[in-house]
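**Q** Mind folding the following:
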Amino acid sequence: MKKITLFSDGSALGNPGPGGYGVILRYGDKEKELSGAYAHTTNNRMELLGVIEGLKALKEPCEVKIVSDSSYVVKGINEWLNNWVKKEFKKVKNPDLWKEYLDISKRHKITAIWVRGHDGHEENERCDKLARDAAEAMKKKLINTQ
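**A** Numbers count the residues shown, from 1 in each chain. Next comes the predicted model:
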(Lines give C-alpha, C1' and ligand atoms only; values in the text may rest on other atoms or scores of the structure.)
Protein backbone atom coordinates (compact mmCIF):
# COMPACT_ATOMS: atom_id res chain seq x y z
CA MET A 1 0.00 0.00 0.00
CA LYS A 2 1.44 3.37 -1.03
CA LYS A 3 2.09 5.86 1.75
CA ILE A 4 0.67 9.29 0.92
CA THR A 5 0.72 12.51 2.89
CA LEU A 6 -2.28 14.75 2.25
CA PHE A 7 -1.84 18.34 3.42
CA SER A 8 -5.04 20.38 3.34
CA ASP A 9 -6.44 23.78 4.27
CA GLY A 10 -9.64 25.72 3.71
CA SER A 11 -10.65 29.35 3.62
CA ALA A 12 -13.87 31.37 3.51
CA LEU A 13 -14.16 35.10 3.01
CA GLY A 14 -17.05 36.10 5.21
CA ASN A 15 -17.85 32.67 6.66
CA PRO A 16 -20.24 32.15 4.95
CA GLY A 17 -19.01 33.67 1.75
CA PRO A 18 -16.77 32.79 -1.16
CA GLY A 19 -14.45 29.97 -0.12
CA GLY A 20 -11.64 27.78 -1.33
CA TYR A 21 -9.56 24.76 -0.43
CA GLY A 22 -5.94 23.87 -1.11
CA VAL A 23 -4.35 20.43 -1.07
CA ILE A 24 -0.88 18.98 -1.50
CA LEU A 25 -0.60 15.24 -2.12
CA ARG A 26 2.88 13.82 -1.54
CA TYR A 27 4.14 10.39 -2.51
CA GLY A 28 7.89 10.01 -2.04
CA ASP A 29 9.45 12.97 -3.85
CA LYS A 30 6.40 13.58 -6.05
CA GLU A 31 3.79 16.23 -5.25
CA LYS A 32 0.47 17.26 -6.74
CA GLU A 33 -1.42 20.43 -5.82
CA LEU A 34 -5.21 20.79 -5.99
CA SER A 35 -7.51 23.70 -5.27
CA GLY A 36 -11.11 24.66 -5.81
CA ALA A 37 -13.69 27.24 -4.80
CA TYR A 38 -17.37 27.71 -4.02
CA ALA A 39 -19.45 30.87 -4.14
CA HIS A 40 -21.24 30.52 -0.78
CA THR A 41 -19.66 28.32 1.86
CA THR A 42 -18.00 28.19 5.28
CA ASN A 43 -14.45 27.68 6.43
CA ASN A 44 -15.25 24.28 7.96
CA ARG A 45 -16.86 23.06 4.73
CA MET A 46 -13.75 24.06 2.79
CA GLU A 47 -11.43 22.44 5.35
CA LEU A 48 -13.29 19.13 4.99
CA LEU A 49 -13.79 19.42 1.24
CA GLY A 50 -10.03 19.77 0.76
CA VAL A 51 -9.53 16.41 2.46
CA ILE A 52 -12.31 14.81 0.40
CA GLU A 53 -10.99 16.14 -2.91
CA GLY A 54 -7.47 15.02 -2.00
CA LEU A 55 -8.72 11.49 -1.27
CA LYS A 56 -10.74 11.46 -4.50
CA ALA A 57 -7.55 12.14 -6.45
CA LEU A 58 -5.95 8.89 -5.24
CA LYS A 59 -6.29 6.16 -7.84
CA GLU A 60 -5.79 3.17 -5.53
CA PRO A 61 -6.12 2.28 -1.84
CA CYS A 62 -3.38 4.02 0.14
CA GLU A 63 -2.11 4.58 3.64
CA VAL A 64 -2.90 8.29 4.01
CA LYS A 65 -1.59 10.70 6.61
CA ILE A 66 -3.87 13.75 6.60
CA VAL A 67 -2.19 16.89 7.93
CA SER A 68 -4.54 19.79 8.71
CA ASP A 69 -4.71 22.87 10.92
CA SER A 70 -8.45 22.26 11.35
CA SER A 71 -9.27 20.73 14.71
CA TYR A 72 -12.81 20.30 13.32
CA VAL A 73 -11.51 17.97 10.60
CA VAL A 74 -8.87 16.17 12.68
CA LYS A 75 -11.10 15.61 15.72
CA GLY A 76 -14.00 14.76 13.43
CA ILE A 77 -11.95 11.99 11.82
CA ASN A 78 -10.14 10.78 14.95
CA GLU A 79 -12.74 11.23 17.69
CA TRP A 80 -16.27 12.23 16.69
CA LEU A 81 -17.17 10.41 13.47
CA ASN A 82 -18.10 7.02 14.98
CA ASN A 83 -20.63 8.64 17.34
CA TRP A 84 -21.99 10.83 14.54
CA VAL A 85 -22.66 7.71 12.47
CA LYS A 86 -24.41 6.05 15.43
CA LYS A 87 -26.59 9.18 15.85
CA GLU A 88 -27.25 9.18 12.09
CA PHE A 89 -25.65 12.64 11.92
CA LYS A 90 -28.42 14.28 13.98
CA LYS A 91 -27.36 17.79 15.04
CA VAL A 92 -24.08 17.48 13.11
CA LYS A 93 -22.97 20.29 10.82
CA ASN A 94 -22.08 19.40 7.23
CA PRO A 95 -23.52 15.85 7.29
CA ASP A 96 -23.42 15.72 3.47
CA LEU A 97 -19.65 16.19 3.47
CA TRP A 98 -19.02 13.84 6.39
CA LYS A 99 -21.02 11.12 4.61
CA GLU A 100 -19.01 11.78 1.45
CA TYR A 101 -15.80 11.57 3.51
CA LEU A 102 -16.91 8.21 4.95
CA ASP A 103 -17.62 6.87 1.47
CA ILE A 104 -14.37 8.07 -0.14
CA SER A 105 -12.17 7.13 2.85
CA LYS A 106 -13.35 3.49 3.12
CA ARG A 107 -10.67 2.07 0.88
CA HIS A 108 -7.82 3.90 2.58
CA LYS A 109 -6.02 3.52 5.90
CA ILE A 110 -6.25 7.02 7.37
CA THR A 111 -4.44 8.87 10.13
CA ALA A 112 -5.24 12.53 10.80
CA ILE A 113 -2.71 14.86 12.40
CA TRP A 114 -3.30 18.42 13.58
CA VAL A 115 -0.71 21.16 13.03
CA ARG A 116 -0.87 24.73 14.27
CA GLY A 117 -2.00 27.03 11.46
CA HIS A 118 -0.05 30.13 10.43
CA ASP A 119 2.94 28.85 12.35
CA GLY A 120 5.50 28.45 9.57
CA HIS A 121 4.60 24.85 8.65
CA GLU A 122 5.72 24.92 4.99
CA GLU A 123 3.02 22.71 3.46
CA ASN A 124 0.25 24.18 5.61
CA GLU A 125 1.27 27.69 4.53
CA ARG A 126 1.23 26.60 0.88
CA CYS A 127 -2.23 25.00 1.24
CA ASP A 128 -3.46 28.16 2.96
CA LYS A 129 -2.25 30.23 0.00
CA LEU A 130 -3.91 27.87 -2.51
CA ALA A 131 -7.18 28.05 -0.53
CA ARG A 132 -7.11 31.84 -0.13
CA ASP A 133 -6.20 32.37 -3.79
CA ALA A 134 -9.12 30.15 -4.87
CA ALA A 135 -11.51 32.01 -2.54
CA GLU A 136 -10.28 35.42 -3.77
CA ALA A 137 -10.67 34.34 -7.41
CA MET A 138 -14.25 33.24 -6.67
CA LYS A 139 -14.97 36.55 -4.93
CA LYS A 140 -13.70 38.48 -7.99
CA LYS A 141 -15.76 36.28 -10.31
CA LEU A 142 -18.88 36.95 -8.23
CA ILE A 143 -18.26 40.71 -8.23
CA ASN A 144 -17.76 40.72 -12.01
CA THR A 145 -21.04 38.88 -12.63
CA GLN A 146 -23.15 41.33 -10.64
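**Q** what residue is smack in the middle of this structure?
**A** In the chain, the centroid-proximal residue (CA atoms, centre = their mean) is Gly50; its distance is 2.5 Å.
**Q** Report the separation between that residue and Leu25.
**A** Computed as CB to CB, to the nearest Å, the Gly50 to Leu25 distance reads 11 Å. Yep, even glycine has a C-beta here, placed from its N, CA and C like the rest.
**Q** overlap in contacts of those two?
**A** Counting by CB atoms under 8 Å, 6 or more residues apart in numbering, the contacts common to Gly50 and Leu25 are Leu34.
**Q** before we move on, back to that, double-check the residue nearest to the centre of the chain against Gly10; I have them as touching.
**A** Yes. In this structure Gly50 lies within contact range of Gly10 using CB atoms under 8 Å: 5.3 Å.
**Q** where do the contact lists of the two overlap?
**A** 21-22, 131.
**Q** okay if I get those as TSV plus neighbour count?
**A** Formatted as TSV, the shared contacts of Gly50 and Gly10 follow (neighbours: other CB atoms under 10 Å):
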residue	neighbour count
Tyr21	31
Gly22	29
Ala131	28
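**Q** Find out how far stretch 117-127 is from the centre of the chain, if you would.
**A** Mean-position distance between stretch 117-127 and its chain equals 14 Å (CA atoms, centre = their mean, to the nearest Å).
**Q** How far does that stretch stretch from one end to the other?
**A** 10 Å (CA to CA, to the nearest Å).
**Q** Averaged pLDDT, it. What do you get?
**A** Taken as a whole, stretch 117-127 has an average pLDDT of 93.
**Q** Any buried residues in that stretch, and which?
**A** Neighbour counts using 16 or more other CB atoms under 10 Å place 121, 123-127 of stretch 117-127 among the buried residues.
**Q** any residues touching the helix or strand encompassing Asn83, and which ones?
**A** Assigned by DSSP states H and E, Asn83 belongs to helix 81-86. Outside helix 81-86, the residues within contact range by CB under 8 Å, 6+ apart are 76, 92, 95, 98, 101-102.
**Q** how about 7 Å then?
**A** Identification of contacts with helix 81-86 by CB atoms under 7 Å, 6 or more residues apart in numbering yields 92, 98.
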